[in-house]
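*Asks:* how does the following fold in three dimensions:
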Amino acid sequence: MKFYPDKRIHGVRGCYSNALDKPFTVGKQRYRNVSFGLLYTEEGFPFYGWTWEMPRVPDQILDSVFYLYPSFEGVLFREEYGGTGFFVWVESEMHEGRGHLYAVTNNHVIEEGYASNIVINAEFDMKVIHPVPLNQWIPHPDGDDLAIAIVGGLNDKRFKHSAIPTYGFLTKEMAAALNLGAGHEVFMVGRFVHHAGRYINTPSVRSGIISVMPRPHEGIEFYEGGFQQEAYLVEMRSISGYSGSPVFFRLPAEDLQGRQLEGESARLARTPWLLGVDCGNFKYYDKVYEVHETQDGKRYEKTNLEAKSHSGQAIVIPSWKLLELLNDERVVMARKEADKRVEQAKHNSPVELDVNRKPQENASITQDAFEGALRHASRKTSTPDDKEKSEEI
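*Replies:* Numbers count the residues shown, from 1 in each chain. Coordinates of the predicted model:
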């Protein structure tokens, strides 16, 4: 049996090549979404080791993102101004299978006048401009940097867009059940203004880890004396153009081991959940020094100039803050009024559909079903050792 102490194979340093004996790896590293199995060296020797992968971002998430521009001309000339937003879907309380579509972004994007035009993709690799007057955006009542707008007229199948359902939001209860904390991996989908797509929107994906969990009484001040924003700190570069981008969390494969996962619970446990909405980053400035060459070497002289630098820490507003806005009394009343109008239109319609409908079972997952599956997934499976311990007790 030959041992390769310095050879890195699939990220593992040191391995034994004889797979017939009891194989193991030496000095394995910890990665998210890891799996253990049979691998081969470049010379064809078999060994067992760890591999890891970053799961592909589903198209539903990519298609839920749109770009925001301040003007029609800005869209035509692909100006590098504006921000990002995404669609969310709230299930109707009166009509099964129907819902309400909302556009979401940061309130500071609205206040700065950059959200008059939503740009989404359409068939034949084209963009579609959907105007939204600034006064139609509804800010968060408590001052959180969030805003929503009800969006209509996008039911045409030519429009290539999707929406994040509210049952896919990561609530405080879900975060606690999953033991969410510092070090968990997340990813963001947004607009990279320098390469946003010439003919269609091509949102880019950035990933990172949670640095600091949100605490209600330790918010982030955007300016001295300003509103204290409850937020995650995420080690992920957020730059101009990403304001309003959705940030997602997916339960790592290693955290799924030992859990009772079957059917719908297994699917939901591996589905990305909306962690929150990106709104900015921490910036700081470095002093600039002038370098002088002397006989004794280099001499550094401080100047009055400063160079802007990036902290690498993004500010992400929790998804439960977005839920608060969607459940605000004004927004709920507007949904109920819209449902009533649909019901009245059906009642007044001269058309009667002659179809004997079969009752649908589990046509779409609901918030209760989602949370039930989450609770089921969050329970650890009892092991034989656990059973022995319980018998001893």
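
*Asks:* give me the three-state assignment for the closest residue to Asp328 other than its chain neighbours.
*Replies:* By the measure of Cβ to Cβ, 6 or more residues apart in numbering, the closest residue to Asp328 outside its immediate chain neighbours is Pro141, 5.7 Å from it. Where you see a C-beta, it was placed from the backbone N, CA and C, and this is true even at glycine. With DSSP: H, G, I helix; E, B strand; the rest coil as the basis, Pro141 sits in coil.

*Asks:* likewise for Pro350?
*Replies:* Recorded secondary structure, Pro350: coil (three-state DSSP).

*Asks:* any stretches of this structure with poor pLDDT?
*Replies:* 1-37, 42, 50-54, 253-270, 353-393 (pLDDT under 70).

*Asks:* show me the helices in the chain, by range?
*Replies:* Using DSSP state H, the helices found in the chain span residues 59-63, 72-76, 107-111, 172-177, 253-256, 264-269, 319-326, 329-348, 367-377, 384-392.

*Asks:* contacting residues for Leu146?
*Replies:* Leu146 sits next to 104-107, 139-140, 277, 317, 321-322, 325 when contact means Cβ atoms under 8 Å, 6 or more residues apart in numbering.

*Asks:* before we move on, what about Phe282?
*Replies:* 311, 313, 315.

*Asks:* make it 10 Å
*Replies:* Shown in contact with Phe282 (Cβ atoms under 10 Å, 6 or more residues apart in numbering): 220, 233, 238, 309-315.

*Asks:* returning to what we had before: and the residue nearest to Asp328, how far from Tyr232?
*Replies:* Pro141 sits 21 Å away from Tyr232, going by Cβ to Cβ, to the nearest Å.

*Asks:* the more surrounded of those two?
*Replies:* A side-by-side neighbour count of Pro141 and Tyr232, using other Cβ atoms under 10 Å, places Tyr232 first with 24 against 12.

*Asks:* ok, the more buried one touching Ser238?
*Replies:* No - using Cβ atoms under 10 Å, Tyr232 and Ser238 do not qualify as a contacting pair, with a distance of 11.6 Å.

*Asks:* what's the overlap in contacts for the two?
*Replies:* With Cβ under 10 Å, 6+ apart, Tyr232 and Ser238 have common neighbours 247, 278, 313-316.

*Asks:* can you pick the most crowded of the residues you listed?
*Replies:* The member of the shared contacts of Tyr232 and Ser238 that has the most neighbours, counting by other Cβ under 10 Å, is Val247 with 30 neighbours.

*Asks:* give me the beta-bridge partners of it?
*Replies:* On the basis of DSSP bridges, Val247 is bridged to Met188, Gly276.
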